[in-house]
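**Student:** Sharing a model that was predicted from the sequence below.
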Amino acid sequence: MKPKVYIARPISKQVEEYIGEHCDYKKWQGEGAIPLDVLMEEVKNVEGVLVQHAPITNELLDQAPHLKIVSNSAVGYDSFDLAAMKQHRVLGTHTPFVLDETVADLAMSLMLATARRVPELNNFVKQGKWNTQTKSQELFGIDVHHTTMGIIGMGRIGEKIARRARFGFEMDVLYNSRTPKPELEETYGIVYSELEALLKKSDFVVLIVPLTPETHHLMGEKQFAQMKNTAILINCARGAVVDESALVRALETGEIRGAGLDVFEQEPVLTDNPLLQMEQVVALPHIGSATEQTRAAMLMKAAENLVAGVTGGVPENVVKE
Ligand code: DGY
């Protein structure tokens, strides 16, 4: 008999066929994200579940006595209660590597879009506001090339961002991470910096750290005060790495120039979030890894991890505590 699994997000035909070869499966067929009460019900009789960012809580695990593996089709796994999973002997897996370059591309897009005011000026043209009276200074942005980028988090994605910044835009790159990375310093000519010095010197501060208790609200009032008034914050990590109220104040008072945000403390972001009213903020709906190619690769990787976990194999990407 094949092991039973539940697929809690839409998948391609190819991935579905692959899972079907090895497992008896049921899948979420509704619109949008699966409601938690539905997930809670569906995990009761399965050995594995494939999710994307769905919260895996102690309460859910208590309902799922047969569960062996939760396979997350994402690299970040802050949605997992790792202690509860350990206690319930449930493995967690994620999809590193396959999305690194794609998320790095998005970080650069956000930086360029914010610095050169791309969405704002796109609207300006499309709304017919560009005319012979337009003053060229009204359209000015700021340079990206040959400026200084400070990267907070120097994992795989941080490295890809650093490479783009150094070799594509000839920027100076400072970085902060738990431990210095001498081999990356050697390869890319990047420089380790304490957080405060990085914030003081950078024209663009890029966040690409996992969300953990240590990085929660890593950027708050004090940190924004340390940034240059001309600097731009880019967040491709998790919304809660930034204290959003402090960010709103820093933007309102001109303590920093702008922000490019792919992530928010609450997602989907609430329509009355003041950040959405600000011209100097470029906001995206958490699309760091969202390209056709990368999302397909992530799903296949998540499916492989799932199948390995329920068929006695060793999943390749077990998350570390
Ligand atoms: C991830 O994989 O964690 C990214 O945030 C995209 O979902």
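**Tutor:** Yep, it's here. Numbers count the residues shown, from 1 in each chain.

**Student:** now the residue nearest the centre of the chain, nearest residue through space, not along the chain?
**Tutor:** Centroid check for the chain by C-alpha atoms, centre = their mean gives Ala237 as the closest residue, at 4.1 Å. Nearest residue to Ala237, sequence neighbours excluded (C-beta to C-beta, 6 or more residues apart in numbering): Leu207, at 4.5 Å. From N, CA and C alone the C-beta is placed, and that goes for glycine too.

**Student:** Within range of the ligand, give me the residues from the stretch 101-250 of the chain.
**Tutor:** Neighbours of the ligand within the stretch 101-250 of the chain, by C-beta under 6 Å from any ligand atom: none found.

**Student:** tell me which element Asn122 falls in.
**Tutor:** Counting by DSSP states H and E, the element that carries Asn122 is helix 118-126.

**Student:** for Gly150, same thing?
**Tutor:** Going by DSSP H and E, Gly150 is part of strand 148-152.

**Student:** immediately after that strand, which helix or strand?
**Tutor:** helix 156-163.

**Student:** That next one - contacts with which helices or strands?
**Tutor:** helix 100-115, strand 148-152, strand 172-176, helix 182-188 (3 or more C-beta pairs under 8 Å, 6 or more residues apart in numbering; DSSP states H and E).

**Student:** Identify the residues contacting the very next helix or strand once past that helix?
**Tutor:** With elements assigned by DSSP H and E, the helix or strand that comes after helix 156-163 is helix 169. Under the criterion C-beta atoms under 8 Å, 6 or more residues apart in numbering, residues Met108, Val144, His145, His146 lie in contact with helix 169.

**Student:** Could you count how many residues lie near the third one?
**Tutor:** Using other C-beta atoms under 10 Å, His145 has 10 neighbouring residues.

**Student:** What are the neighbouring residues in contact with it?
**Tutor:** Neighbouring residues of His145 by C-beta under 8 Å, 6+ apart: Phe169, Glu170, Met171.

**Student:** my read is it is in a helix, agree?
**Tutor:** No: His145: not assigned to a helix; according to DSSP: H, G, I helix; E, B strand; the rest coil it is coil.

**Student:** ok, it to the ligand distance?
**Tutor:** 27 Å (C-beta to the nearest ligand atom, to the nearest Å).

**Student:** same question, the last one
**Tutor:** Distance of His146 to the ligand, computed by C-beta to the nearest ligand atom: 30 Å.

**Student:** Pretty sure Glu170 is one of the things that residue touches, is it not?
**Tutor:** Yes: between His146 and Glu170 there is a contact at 5.5 Å, judged by C-beta atoms under 8 Å.

**Student:** ok, longest helix in this protein?
**Tutor:** helix 292-310 (DSSP state H).

**Student:** In it, which residues are buried?
**Tutor:** Neighbour counts over helix 292-310 (16 or more other C-beta atoms under 10 Å) mark 294-295, 297-310 as buried.

**Student:** what sits up against the strand holding Gly150?
**Tutor:** So strand 148-152 is contacted by 111, 158, 161-162, 165, 171-177, 190, 193, 195, 198-199, 201-209, 218 (C-beta under 8 Å, 6+ apart).

**Student:** Which among those count as buried?
**Tutor:** Buried among the contacts of strand 148-152 by 16+ other C-beta under 10 Å: 111, 158, 161-162, 165, 171-177, 190, 193, 198-199, 201-209, 218.

**Student:** With Val263 as the reference, measure out to the residue lying closest to Trp130 once chain neighbours are set aside.
**Tutor:** In space, and not counting its chain neighbours, Trp130 is closest to Phe124: 6.1 Å by C-beta to C-beta, 6+ apart. Between Phe124 and Val263 the distance, using C-beta to C-beta, to the nearest Å, works out to 26 Å.
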